[in-house]
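> Quick one: sequence plus predicted model below, questions after.
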Amino acid sequence: MSKVLVAYFSVSGVTRRVAENLARVEEADLFEIAPETPYTAEDLDWKNKESRSSVEMADPNSRPAMKGPKPDLSAYEVIFLGFPIWWNREPSIVDTFLDGTDFTGKMIVPFCTSGGSGLGATTDRLNNLIGRKGQVIEGKRMGGTVSMEDLKTWSDGLDL
């Protein structure tokens, strides 16, 4: 087992591709944060205030159910955490993954996929969610296609 985990949430497959390539670069284990009920196109309609994602994102306490159990994080020192940016932050399903998990002594490195929005205040939100037991370092926004070389350059430049 690697001491590095790449955990990710992806709906369209963009974040999944980046996460899979990052796991190869880091020789890391890979874990998909999957919702118990997959999102449909209607669920993701950000223009509809009653769509599933709009309702979840409007409630900071929303914790959509995950499919399957969370991984045992005890052996990991570094967790790369990938997700698309929704409403200028991490999707609520990522909060489900973080809630109730002991991140003591862990370094969390967020990365988001977005056509233009950056991480914003996501690093502070993540630190608050994990109770500051671990350390969330400033992450990176990535576009739709990221080369293996660019991922390696980025991860090598981190103080892990």
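On my side now, so go ahead. Numbers count the residues shown, from 1 in each chain.
> and the next element down the chain from the longest helix seen in the chain?
When the chain is parsed with DSSP state H, its longest helix is helix 14-26. Once helix 14-26 ends, the next helix or strand along the chain (criterion: DSSP states H and E) is strand 29-32.
> mind exporting that next one as CSV, just the C-alpha atoms?
These are the backbone C-alpha positions of strand 29-32, laid out as CSV (Å, rounded to 0.1, in the frame of the first residue of the first chain):
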residue,chain,number,x,y,z
ASP,A,29,-3.7,4.4,-4.2
LEU,A,30,-6.9,5.7,-5.8
PHE,A,31,-10.4,6.1,-4.1
GLU,A,32,-13.5,7.3,-5.8
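> Which elements pack onto that strand?
With contacts defined as 3 or more C-beta pairs under 8 Å, 6 or more residues apart in numbering; DSSP states H and E, strand 29-32 has these neighbours: strand 4-8, helix 14-26. (Glycine included, C-beta is placed from N, CA and C.)
> Let me know the average pLDDT across the helix or strand encompassing residue 110.
Per DSSP H and E, residue 110 falls inside strand 107-113. Averaging pLDDT along strand 107-113 yields 93.
> May I see the helices and strands packed on strand 29-32 organised as JSON lines, with mean neighbour count added?
Below are the helices and strands packed on strand 29-32 laid out as JSON lines (neighbours: other C-beta atoms under 10 Å):
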{"stretch": "strand 4-8", "mean neighbour count": "25"}
{"stretch": "helix 14-26", "mean neighbour count": "20"}
